[in-house]
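[1] Structure of the sequence below:
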Amino acid sequence: MVLLRVRTPQGILRFEADDANVVAALEAQVAERLGVQAAPLSFQGTPLNSHVTISRLGFKRGDMLLFIGDNDAAQPQDAPSALPGTAAFQPKAVAPKETKAQGLAIAATPKVTVSVTLDKVDTELFKKDGKVPQNRTKLCRHAEGGRCLNCLPLEPYDTKVLASIEPPIKFISFHSHLRKLFSGADRGKLSTLHKYSNVVKPCTRHPPWPASICSHCTPSPLTLTRQEYRHVDYVEFECGSIVNEFIGAWRKDGAQRFGFLIGRYEEYDRAPLGIKAVVTAIYEPTQLSSASRIDFRAECHMAEVQEMVQHMGMTVVGCIFTHLEPTAHDMTKLKHIRYIDHEDDTSYIITGSEIMNIAKLQLEHPNPVPTDYSPDGHFGSKFVTVIATGDEGNNIELLGFQATQLAMDLVQGDIVRPDPKPGYLRLTPKNKSHFIPDVYYSRKDKYGNAIQSRVESFDVDYLHVQMPVAGQWDASDSTFSIKFPIENRPQTHVSVENAPQYFQTQDLQEFSDFHLLAYLYTNDNVSSIIKSAMPGLLKAVQAKDAGALHAWLQCEQWKTLALLFQLQTQPTLGQSAVVDSVPPSPKRTAHKSRSKTSSRGSSTGTSAVSSSSASHRHLPSTDAAPARATSGRSERSRRDVSGVSSSVKPLKTSRRQHSTSASSSSSTARSTSGQRASRTTTTRRTTGTSSSSTSSTSSAAASRLEDALSAHPKRRTPRPPRDTGPATSATSEWSCSACTFLNPNSRTSCELCTTPRP
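    Here you go, the predicted structure:
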């Protein structure tokens, strides 16, 4: 006889089984006691053969068997049948019994499948073996193609591999950490990528927190340990001018700057299964900065920039900010601010507030991983932070940092606060809004024993990892050039009026400017026209395909934008002769130039060729016809004059004499109210009085146009500016102080520019 235990849906039962009996006899005993139909038994997950004797299976006293039966479908054998005309007895549904271990009803929850898109570099590294080969040593006694313990390939996380690299690697790569965590005989079945959470678990044993709490629902305490891996092993700037242009803003005004690093992730061959961040450009968001503070708004156009760089196979790989302070005795030298002195509590290499800000940015850029490693499909971040500061030699040094996963968890749970000491963090005071766990750190005493101590503030060295930062400072094959003004800087401002000067050659080198592309993609006035066609331009710049760029320049969106730029660069007739078709700012200049040359042009009768037409920058002509520029005034005050040619032929003598006499008569009658009435009633000029052109600003051409217009009594002649003071009682008109236009005394504001009467 052997004593066996059988686990059933009703609990664990004990049976005295005879060794000579078969398993089917034991199955019948179990079914008889449970009152259900017989079902097979299993041992350690293997179903038992019902025709095999128990002695042959070799059971020992106390072995556990599992009764496999359909408890829901089974019916008791002695269940009473329903009487005619009555319904069978239906027992009430009983809720699942609470367990003492958890205090909660156990319910099966469906497994949620998370769809994760891995980065390209991660996909390639998961395919690699990662082992580091070794050369044949003197201890090897095998053939050339053999292997022994002395020359077997080493794992990427082996200490011999890390020590053999110059300089030695302090932090292993993230993929090496995964191989270490999920390797061995069990293949990491009990391992997982741990994330800490301070959320109190639901519990039915007591009132909900904060009214009560127990050991089951209390979050576990924290033990500070140094993270041994890093997600990015190296930061490489594609060109040295990227950093120089960024620091150049500090050189001009002394204010610190912040920017986002644009680039891509690649494999790093200097570290086993390593990853490096290659920086191709720096985008500077809107910010208010001073010599000691930076306030930036990351939401300003960052979504558009992220969308733009994704078309080029890039992403936001990190951020950079300056912490530069010149020395007192030499403005060309920098103070060494970030250093570690164990005897000085105020020394630091990175502050606690900086760690918190870095962790917040990393939480916005999580690192995707397979769901086998993390249930939610994300763990850590590849987002890097670069700080430009002074080194021991009083020169500029670039430091690379990443916040650890523990730092991200502490910031996400609102567990820490900045400490008065710059290199420390302190726990958030306990309150009823969220749970604050206890934090411990491990140290060794003088005898070498590990001692855990509870802390309220701790060093930030537990919460960050470092990586080297360098670059190809003389690289000539960089992705982008830097000629366009950098965005959001106080010294530079690009508008629709001054933007055409940066579109002269329209070749691949000119469009391969990140800041120019960002201007086209994010500027509200420009992006509304060309944003739909930007993916074609971005792909042409990424592939450095001049043919694709030339084909893109023929699209309708670019032709429309080119026409807008062309209208901003070329001068119009309204800038030299017609005062109603120009904005208020250049009116005074136009009147002054006409007053200086009107008398000389009418007396000599010669035509001056405009010299400014050669200096204007014109874009290539488009198929669309240029629209007539108007001043935005009412239809009554519009001018239908198209322009004056730069090579106007001299007018006939009779025509000139007639126009001169008409001009003199009109100038004599300007002070009378009758001429004023005739001048205000004629509101429209006919076309065809001068030749069609848009490039002349010559004062002589303007005077000839004035003479031609004065010959027609139904056309109002633009008045030359007069150096007159305010209107007096002796005159019937007053001169505007802004545009020098003559207005009747009855008006309280200028008819032309609406300036109040002085």
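
[2] going forward, measure contacts between C-alpha atoms and count neighbours the same way
    OK.

[3] Mind pulling the model confidence for A543?
    Per-residue confidence at A543 stands at 91 (pLDDT).

[4] What is the neighbour count of it?
    Using other Cα atoms under 10 Å, A543 is surrounded by 11 other residues.

[5] Please determine how far it is located from G536.
    As judged by Cα to Cα, to the nearest Å, A543 and G536 stand 11 Å apart.

[6] got it, and K252?
    Per Cα to Cα, K252 is found 36 Å from G536.

[7] Which one of those two is surrounded by more residues?
    Each of K252 and G536 has its neighbours counted (other Cα under 10 Å); G536 has more, 16 against 9.

[8] To what extent is the closest residue to the more buried one other than its chain neighbours buried, counted in neighbours?
    Nearest-residue entry for G536: W552, 6.7 Å, with adjacent residues in sequence omitted and distances by Cα to Cα, 6 or more residues apart in numbering. Residues near W552, counting by other Cα under 10 Å, number 17.

[9] when you give positions from now on, start the count at 449
    Got it, first residue is 449 now, which makes that one W1000.

[10] List the contacts of W1000.
    W1000 sits next to 984-985, 1006 when contact means Cα atoms under 8 Å, 6 or more residues apart in numbering.

[11] Equivalent analysis for D567, please.
    D567 sits next to P816 when contact means Cα under 8 Å, 6+ apart.

[12] what do you get for V908?
    Residues in contact with V908 (Cα under 8 Å, 6+ apart) are 798-800, 803, 871-873.

[13] mind checking pLDDT for it?
    Per-residue pLDDT puts V908 at 94.

[14] Torsion angles phi and psi at it?
    Main-chain dihedrals, V908, degrees, to the nearest 10: phi -80, psi 0.

[15] Distance check, it against S795.
    Here the criterion is Cα to Cα. By it, V908 lies 12 Å from S795.

[16] Find residues that contact each of these two.
    Residues touching both V908 and S795 (Cα under 8 Å, 6+ apart) are G871.

[17] any chance of the contacts of W1000 in JSON lines, with pLDDT, secondary structure and distance to I695 too?
    Below are those laid out as JSON lines (pLDDT from 0 to 100; DSSP: H, G, I helix; E, B strand; the rest coil; distance: Cα to Cα, whole Å):
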{"residue": "G984", "pLDDT": "94", "secondary structure": "helix", "distance to I695": "32"}
{"residue": "L985", "pLDDT": "94", "secondary structure": "helix", "distance to I695": "29"}
{"residue": "W1006", "pLDDT": "92", "secondary structure": "helix", "distance to I695": "33"}
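
[18] Low-confidence regions, the stretch 449-598 of the chain specifically.
    Across the stretch 449-598 of the chain, residues meeting the criterion (pLDDT under 70) sit at 493, 517-562.

[19] so where do the helices sit in it?
    Here the stretch 449-598 of the chain has its helices, by DSSP state H, counting those that start in this stretch, at 471-482, 502-505, 568-575.

[20] Dump the second one to CSV, keeping only the CA atoms.
    Which is helix 502-505. These are the backbone C-alpha positions of helix 502-505, laid out as CSV (Å, rounded to 0.1, in the frame of the first residue of the first chain):
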residue,chain,number,x,y,z
ILE,A,502,0.7,1.4,-9.5
SER,A,503,3.8,-0.6,-8.5
ARG,A,504,5.2,-0.3,-12.0
LEU,A,505,5.0,3.5,-11.9
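
[21] And the contacts of that helix?
    Outside helix 502-505, the residues that touch it by Cα under 8 Å, 6+ apart are 465-471.

[22] which residues in the stretch 749-898 of the chain form helices?
    With helices called from DSSP H, counting those that start in this stretch, the stretch 749-898 of the chain shows them at 750-758, 800-812, 853-860.

[23] returning to what we had before: spatially, which two of the contacts of V908 are the most separated?
    Spatial extent of the contacts of V908 (Cα to Cα) is set by the pair I798 and L873 at 11.4 Å.

[24] quick one, what contacts L911?
    Here L911 is in contact with 674-675, 803, 851-855 (Cα under 8 Å, 6+ apart).

[25] can you rerun that using 10 Å?
    672-675, 800, 803-804, 807, 850-856, 858, 873 (Cα atoms under 10 Å, 6 or more residues apart in numbering).

[26] Can you tell me how far it is from T876?
    Applying Cα to Cα, the value for L911 to T876 is 16 Å.

[27] quick one: low-confidence ranges for the stretch 699-848 of the chain?
    Counting by pLDDT under 70, the stretch 699-848 of the chain shows low-confidence ranges at 746-747.

[28] thought P870 was touching E802?
    Yes - taking Cα atoms under 10 Å as the definition, P870 is a contact partner of E802 at 9.5 Å.

[29] more crowded one of these two?
    Between P870 and E802, counting by other Cα under 10 Å, P870 is the more crowded of the two (19 against 16).
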